[in-house]
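J.: This is the structure alone, sequence omitted:
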DNA sequence: TATTTTTGTTCAAACGTTGAAACAAATATA
DNA sequence: TATATTTGTTTCAACGTTTGAACAAAAATA
């Protein structure tokens, strides 16, 4: 009972009086091995409760069949469903997934990368921490020749495959919808513009306003980290302006929620007085009252494409496939917080 | 640029004109190696950008320094913060963490266990899927002599270490609080009683009612999977009863949220007409209006203790330490949904 | 100075699996 | 019947690291 010796390929070989090599080949269904031997090996393997030693085969084959996934925070529907999908696609192909959380910290992200490299992962799929500006550790991955796929939060300069949504177009969808509702003064609670995705949302917001002939006022665009507190603070700020907005487009759902709280505390009707739109379609947006209109990023789709792109790279490591920048369409989910009655009557 | 050969211990040895074995010993700070050699090795290792091959050392040492963590769903604050803490504690000791999601499915759980065993993890920390009744795969882990720690959702019969909160006592805290608010007819939206933790919450609820001399009515205890839809359905059911409850204690926050929605739709004042308490203290409980009273399970604490318990098992694998059933205290976080004004006036 | 101990290193085998090459036996082709 | 091909297996080295044993040289003890 004390020290259970694990059964190895050698044990099976001994039982059958054949060579370990023959057993190995039988297990991997090598064409040159007779069916008789194969079934015998399988039988004994089962009897002895044989489990292949991944470490040994990985070492020998120079391939671990492990893929690392780095995310800022598992604690969000967006990321957890992406992971779920990545796992699904990769497991299918015999890969196992190691998940590492950066907790939005550059330091933790570097540590995670080192840990994954140490574990000899065959590839890495990552979404960068908000904090990350230096790309040295990502360069390190590249320099080791390990395939790297970025999603959602990715830097252009890195020159690696990227999967994300069309943030620019998403802003257009939002503004178009708000304009249809009759809104004329649309504020934007923005993310920090040093991050590409937030920069694109801002750009989309500005261009869409211009397209619809609405004025662009800098006082209506305020950057933040998009947390709930930021949403509250900025909404208060907006309400203090002499010329209040009649709609607020937040680049994140938590910021939108904070804004909603402030609006309700001030007895401002949503959407009648001020319409509200968020971004990411976190589950709570449909749970609060009024439910919040938001942008669905089709996370499963992002996860699927990211995983498939990685598989492609793993299958043909030397092939000089041109870089993939995969930009998926997002979808506006219209809910109570922006659906004015006027619209229902029409 | 094409195929970067990784530097091995052998390369370092060649440069210095010594043996790979000496290099290995130098790197692991073996006492018999001279300081001169050690610094030289470290220097060259750095120059050549040497990264130890985890696979090889794991194979040789029979230890992977990998720990598997199985959770039902990363998409919840409770589990994601537990993981964060587990990672923190284990990384400290040189372990890396592989996370697997069961998505509450028994099948996926089995697959995850196989994947982890295949990867040769040194230990496993797990919280079981709701669906899981058969324990064969967990027995498999035990039979391989791999340390197993369960947390939150664990079965008693398995005879392994367990970390969780005192569900029985938690129900007492809830009922005590509601009684203090003057509630006399307290309903319980329960989890399925085949799961130990929900059974204990039900038991605690009954015993507490008895303790305070309140009647126990079976029509007020309804089991469910605690999703938001279940919360809605059951709340509706409760409202249809001739003798309505004046408080509802849900064994999960999502069920509580569903209940809250129905109460608001029926213009029933919370907490004045019916007080409401949830369980798990998901972040949204403080975000909705009114904010929902809930039970905080101190997830970081659970994660910390689970990780530390595993470390103990890993350090002394043969030691026949008695089983640890660690039951941590929970805390009632009182919010608007149950704080009647009467209390504030006093 | 002779002997023991310590110090620093090398040797060789091992961890479990794999795959190219070698080989013998069986079968097919000439 | 002689030769070529196919089939099923074994041999052997390798993947990169670790470790106990062996060994020589240096230092300490007698």
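T.: The structure has been received and is ready for your questions. The structure displayed is predicted, hence computed values, not measured ones.
J.: Chain B versus the closest residue to residue A:134 other than its chain neighbours, what's the distance?
T.: Excluding its sequence neighbours, the residue lying closest to residue A:134 (CB to CB, 6 or more residues apart in numbering or on different chains) is residue A:106, at 7.2 Å. Where C-beta positions appear, they are placed from N, C-alpha and C, glycine not excepted. Per CB to the nearest CB, to the nearest Å, residue A:106 is found 16 Å from chain B.
J.: Likewise for residue A:10?
T.: Taken as CB to the nearest CB, the span from residue A:10 to chain B is 14 Å.
J.: Next, count neighbours for the closest residue to that residue other than its chain neighbours.
T.: Of all residues not flanking residue A:10 in the chain, residue A:20 sits nearest, at 5.0 Å (CB to CB, 6+ apart). Residue A:20: 14 surrounding residues under other CB atoms under 10 Å in any protein chain shown.
J.: I'd say residue A:20 and residue A:13 touch.
T.: Yes - Residue A:20 is within contact range of residue A:13, at 4.5 Å (criterion: CB atoms under 8 Å).
J.: OK, contacts around residue A:48?
T.: For residue A:48, the contact set (CB atoms under 8 Å, 6 or more residues apart in numbering or on different chains) comprises A:7, A:11-12, A:15.
J.: try residue A:84
T.: A:300, A:303, B:101, B:103.
J.: quick check, nearest of the contacts of residue A:48 to DNA strand D?
T.: Closest approach to DNA strand D among these (CB to the nearest atom of the strand): residue A:12, at 11.2 Å.
J.: which residues of the stretch 151-300 of chain A fall in strands?
T.: A:161-165, A:186-191, A:221-224, A:247-250, A:275-277, A:294-296 (DSSP state E, counting those that start in this stretch).
J.: where do the helices sit along chain A?
T.: Along chain A, counting by DSSP state H, helices occupy A:9-16, A:20-27, A:35-47, A:54-61, A:77-92, A:106-118, A:136-143, A:167-180, A:196-211, A:228-240, A:253-265, A:299-315, A:341-345.
J.: Using the record's assignment, carve chain A into domains.
T.: As assigned by automatic domain parsing, chain A contains the domains A:9-52, A:65-164+A:299-326, A:167-297+A:332-345.
J.: out of those domains, nearest to residue B:329?
T.: Nearest of the domains of chain A to residue B:329, taken as CB to CB: domain A:65-164+A:299-326 at 23.5 Å.
J.: so how far is that closest one off the chain centroid?
T.: 9 Å (CA atoms, centre = their mean, to the nearest Å).
J.: residues touching the residue in the stretch 201-346 of chain A that chain B sits nearest to, list them.
T.: For the stretch 201-346 of chain A, the residue closest to chain B is residue A:284, as judged by CB to the nearest CB, at 5.0 Å. Contacts for residue A:284 (CB under 8 Å, 6+ apart) come out as A:253, A:257, B:284, B:287.
J.: Could you verify my assumption that the residue nearest to residue A:134 touches residue A:131?
T.: Yes - Residue A:106 lies in contact with residue A:131 (CB under 8 Å); the separation is 4.5 Å.
J.: What residues does chain A have near DNA strand D?
T.: A:17-22, A:25, A:30, A:32-34, A:36-37, A:56, A:59-60, A:62 (CB under 7 Å from any atom of the strand).
J.: hmm, try it at 6 Å
T.: Contact residues, chain A versus DNA strand D (CB under 6 Å from any atom of the strand): A:18-19, A:21-22, A:32-34, A:37, A:59-60.
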